[in-house]
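Q: I'll drop the sequence and a predicted model, then ask my questions.
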Amino acid sequence: MKRERGRPVAATDEAIFTAAFDLFREVGFELYQSMLEEAIEAIRGGDLGDIDEQWSPQITLGTPMLLPEGYVADLQVRLGLYRRLATLKTREEIDAFADELIDRFGPLPDEVEHLLDVMEIKALCRRAGIAEIDAGPKGASILFRKGQFANAQGLVAFIQASRGLLRLMPDQKLVFKADWEVPAARLKGVRGLVQELAKVAESGQ
């Protein structure tokens, strides 16, 4: 059974999209495409403005993450989907959004799967107090927000239990060693690591 589709676009959003389309006609395709790319970068880990008035973790995974033009052809629709995607907080909301994409546009390309996974990782980062995470084939480095972790004793125990896979560096970055050559393994590994750190952080509250 298919899950219920996501919420319809609100009237305020429709006004925004109408203004966006007018801007598109004024500035032309190339400049507007550049603006769209900047919006994508914001979702990936930059600045989302006043959405929820929340800080936004910066996540770099070295994998393609976007809604391809070949998947969602209409530019206005893509903009609306990006805007909605930026508001999702839980895995349930992300799964419901994915179901809607499948219903409307067909099976999810890898780039879209990656984008949805990153939105879940961002939510976990907020729970764990992670400001930045940079992951690659050999592992990941993590920087905590304001250089602090909510449960320092729990973090020390977590590092000790990792048997050398985790190290806290002099610059306060947490480094994790892993073999993540395949992007899917990297996403899964980062999600699992951040999920555990979120549990450790919340257990000290």
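A: Ah, there it is. Nothing here was measured: the structure is a model prediction, and the numbers come from that model.
Q: low-scoring stretches of the protein, by residue?
A: Filtered on pLDDT under 70, the chain yields the residue ranges 1-54, 205.
Q: can you give me the strands in it?
A: For the chain, applying DSSP state E gives strands covering 58-60, 130-136, 139-144, 166-168, 173-177.
Q: columns mean neighbour count and distance to residue 151 on top of those strands, output as TSV?
A: Backbone N, C-alpha and C define where each C-beta goes, glycine included. Formatted as TSV, those follow (neighbours: other CB atoms under 10 Å; distance: least, CB to CB, whole Å):
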stretch	mean neighbour count	distance to residue 151
strand 58-60	17	22
strand 130-136	20	13
strand 139-144	20	11
strand 166-168	16	14
strand 173-177	17	13
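Q: redo these as JSON lines? Include distance to residue 199.
A: Below are the strands of the chain laid out as JSON lines (distance: least, CB to CB, whole Å):
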{"stretch": "strand 58-60", "distance to residue 199": "19"}
{"stretch": "strand 130-136", "distance to residue 199": "13"}
{"stretch": "strand 139-144", "distance to residue 199": "15"}
{"stretch": "strand 166-168", "distance to residue 199": "15"}
{"stretch": "strand 173-177", "distance to residue 199": "15"}
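Q: out of those, flag the one nearest residue 204.
A: strand 139-144 (13.2 Å; CB to CB).
Q: who's in contact with the closest residue to residue 143 other than its chain neighbours?
A: Among residues not flanking residue 143 along the chain, residue 132 sits closest, at 4.2 Å (CB to CB, 6 or more residues apart in numbering). Applying CB atoms under 8 Å, 6 or more residues apart in numbering, we find residue 132 in contact with 45, 57-60, 142-143.
Q: for those, work out which two are farthest apart.
A: Within those, 45 and 142 form the most distant pair, 13.1 Å apart (CB to CB).
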